[in-house]
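Peer 1: My questions concern the predicted model and sequence given below.
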Amino acid sequence: MQKIPLGSTGLMVSSLCLGTMTWGNQNSEAEGHAQMDMALDHGVNFWDTAEMYPVNPVKAETVGRTEEIVGAWFAARGGRDRVVLATKVTGAGHAEVRGGADLTPSVMRAACEASLRRLRTDHIDLYQLHWPNREVYHFRNIWGFDPRSGDAGRDIRDDKAKTEAHMVEILEEAAKLQAEGKIGHLALSNETVWGTAKWLALAERHGLPRVASIQNEYSLLCRQFDSDWAELSHMENLPLLAFSPLATGLLTGKYQGDVTPPGSRRSRNDTLGGRLTPQVFPAVEAYLGIAASHGLDPAQMALAFCLTRPFPCIPIFGATSLAQLKTALGAADITLSPEVMAAIAAAHRAHPMPF
C-alpha cells in the first residue's frame with residue numbers, strides 16, 4: 001500500500017488508516033487482533049484508537065477496552081515499530097469518562113499515561129484532542145450551532161481570552177509530554193476552522209508544538225470540509241483524517257430500504273448518530289447507482305473518493321468482519337475515472353447535505 005507523508009511530521013503512513021472503535025463491543029479481542037494482522041499484512045501501518053473506545057454505546061465499564069485490545073496485540077505480536085499509533089483524549093461532557101470533566105493539562109497528562117499503560121507502549125505517535133471544551137458544530141449540531149458561548153450578558157471576548165489561555169496551557173503540557181518521549185505529535189479532532197487556525201497561531205507565537213492533523217467527519221454524504229477547511233488543510237499542510245468515510249455503513253447500501261441488519265451499527269444506534277433522515281436514502285441511492293453503473297464496489301468507491309481530494313486526506317475505516325476489512329483494503333487499488341468523478345459531483349449537487 002502506498003505510504004504518504006503525515007503532514008509535516010516526518011512520519012510516513014499508509015494511505016488508509018485502520019479504525020478500531022468496534023473492538024471490545026461489536027468485536028471480540030480475537031477479532032480485533034485478526035483485523036490488525038490483516039491490515040498490517042496489507043501495508044496499513046496507521047492505526048487510530050481513543051481512550052473512550054469502544055462506542056455504540058460508550059459505557060463507563062468499557063472505556064479503554066479498545067486500547068487494551070491493541071496493547072494485547074503488541075504484547076503478543078511485537079511490532080510496535082511497524083505501526084504509527086494514534087489515540088485520543090476525551091473532551092468535555094461525556095459522563096462516562098471522568099464524569100464529563102473539561103480537558104485540562106492535568107487531565108491530558110493523566111489520560112495520556114493511562115493510554116500508554118493500556119496500549120503497552122512508551123510512546124504515542126499522534127495524540128489527538130477528541131473534541132474541544134467549547135461548543136462546536138459537529139455531530140449534527142450544525143443545524144442549531146450558535147458560536148456565542150457563555151451566559152447571556154457575558155462579553156464574548158472574555159470567552160475568547162479564556163479559550164486562548166486554555167489552548168496555550170494544553171500546548172505547554174504537550175511540549176512536556178513530547179520532551180518526556182510520551183507523545184510524538186499533538187493533533188486535533190472535531191475542531192472548527194477558527195479553532196484550528198488559533199491552535200496553529202498560538203503554537204507559532206509561543207514556540208510550542210504545532211498540531212499535526214485534524215480528524216473530522218468526511219464522506220460522500222458529509223462534505224463540510226470542502227470549503228474553508230480545504231483551504232486551511234492545503235495551505236497549512238494539515239491532513240484530514242476522515243472518520244466515517246462510509247457514513248457509518250450507509251454508503252455500503254446495507255441499510256437501503258430502511259432495514260436494520262442484525263449485528264449492524266444501526267441495531268445498536270437506531271438513528272446512526274442522527275444520520276438517518278428522509279433525505280439520506282435517496283442520496284445513498286444516487287451513489288449506489290454510480291458505483292453499479294461503473295462496476296465498482298460502493299464501499300471502495302466511497303473510500304477511493306477520499307483519496308482524490310485537493311487537500312491531504314486519509315480515510316479511517318472500521319470493520320466488524322474480515323470480509324468487510326478485505327473490501328475496504330481494496331480501495332487503495334481503485335482509481336476513479338473522470339466519468340465517475342463527474343457523476344459524483346452531480347450527485348453531490350442534487351443531494352448536498354442529507355444529514
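Peer 2: Arrived safely.

Peer 1: who's in contact with residue 331?
Peer 2: Residue 331 makes contacts with 16, 299-304, 307, 315, 317, as judged by CB atoms under 8 Å, 6 or more residues apart in numbering. C-beta here means a position set from N, CA and C on the backbone, and glycine is covered the same way.

Peer 1: can you give me the helices for this structure?
Peer 2: Using DSSP state H, the helices of the chain run over 29-41, 65-77, 105-119, 156-179, 193-206, 228-235, 280-293, 298-306, 322-329, 338-350.

Peer 1: mean pLDDT for those: which is lowest?
Peer 2: Lowest mean pLDDT of those: helix 156-179, a mean of 92.

Peer 1: got the CA coordinates for that helix in CSV?
Peer 2: Below are the C-alpha coordinates for helix 156-179, written out as CSV (Å, rounded to 0.1, in the frame of the first residue of the first chain):
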residue,chain,number,x,y,z
ILE,A,156,-17.8,37.0,24.3
ARG,A,157,-14.3,38.5,24.4
ASP,A,158,-13.9,37.0,27.9
ASP,A,159,-14.7,33.6,26.4
LYS,A,160,-12.1,34.2,23.6
ALA,A,161,-9.4,35.1,26.1
LYS,A,162,-10.1,32.1,28.3
THR,A,163,-10.2,29.8,25.2
GLU,A,164,-6.8,31.1,24.1
ALA,A,165,-5.3,30.7,27.6
HIS,A,166,-6.6,27.1,27.7
MET,A,167,-5.1,26.4,24.3
VAL,A,168,-1.7,27.7,25.4
GLU,A,169,-1.8,25.6,28.6
ILE,A,170,-2.6,22.4,26.6
LEU,A,171,0.2,23.2,24.1
GLU,A,172,2.6,23.7,27.0
GLU,A,173,1.6,20.3,28.5
ALA,A,174,2.0,18.7,25.1
ALA,A,175,5.6,20.1,24.9
LYS,A,176,6.4,18.5,28.2
LEU,A,177,4.9,15.1,27.1
GLN,A,178,7.0,15.4,23.9
ALA,A,179,10.1,16.2,25.9
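
Peer 1: How about residues contacting it?
Peer 2: 103-105, 108-109, 112, 127, 129, 133-134, 148-150, 183-186, 198-199, 202-203, 206, 208-209.

Peer 1: What are the buried residues along it?
Peer 2: Buried residues in helix 156-179, defined by neighbour count with 16 or more other CB atoms under 10 Å: 159, 163, 166-168, 170-171, 173-175, 177-178.

Peer 1: Same question for stretch 70-78.
Peer 2: Of all the residues in stretch 70-78, those buried under the rule 16+ other CB under 10 Å are 70-74.

Peer 1: Any idea how far that stretch is from the middle of the chain?
Peer 2: Averaging C-alpha positions (CA atoms, centre = their mean, to the nearest Å) puts stretch 70-78 23 Å from its chain's average.

Peer 1: Find the centremost residue of this protein, please.
Peer 2: residue 243 (3.7 Å; CA atoms, centre = their mean).

Peer 1: Can you tell me the closest non-neighbouring residue to it?
Peer 2: Excluding the flanking residues, the one nearest residue 243 by CB to CB, 6 or more residues apart in numbering is residue 316, at 5.0 Å.

Peer 1: cool, residue 255 as well?
Peer 2: residue 266 (6.1 Å).

Peer 1: Touching, the one you found and residue 272? I think so.
Peer 2: Yes. Between residue 266 and residue 272 there is a contact under CB atoms under 8 Å: 5.8 Å.

Peer 1: Need the overlap of contacts for those two.
Peer 2: Counting by CB under 8 Å, 6+ apart, the shared contacts of residue 266 and residue 272 are 249, 255.

Peer 1: which ones are touching residue 326?
Peer 2: Residue 326 touches residue 38, counting by CB under 8 Å, 6+ apart.

Peer 1: how near is it to residue 35?
Peer 2: Residue 326 sits at a distance of 10 Å from residue 35 (criterion: CB to CB, to the nearest Å).

Peer 1: go on, residue 119?
Peer 2: Separation of residue 119 from residue 35 (CB to CB) stands at 16 Å.

Peer 1: Tell me how far stretch 237-255 lies from the chain's centre.
Peer 2: Remark: stretch 237-255 is offset 9 Å from the chain centroid, using CA atoms, centre = their mean.

Peer 1: Could you do stretch 276-293 as well?
Peer 2: 23 Å.

Peer 1: Touching that stretch from outside, list them.
Peer 2: Applying CB under 8 Å, 6+ apart, the external contacts of stretch 276-293 come out as 220-221, 247, 250-251, 253, 255-256, 258, 266, 270, 296-298, 301-302, 340, 343-344, 347, 350-351, 354-355.

Peer 1: ok, of those residues, which come out buried?
Peer 2: Using 16+ other CB under 10 Å, the buried ones in these are 220-221, 247, 250-251, 253, 255, 266, 296-298, 301-302, 340, 343-344, 347, 351, 354-355.
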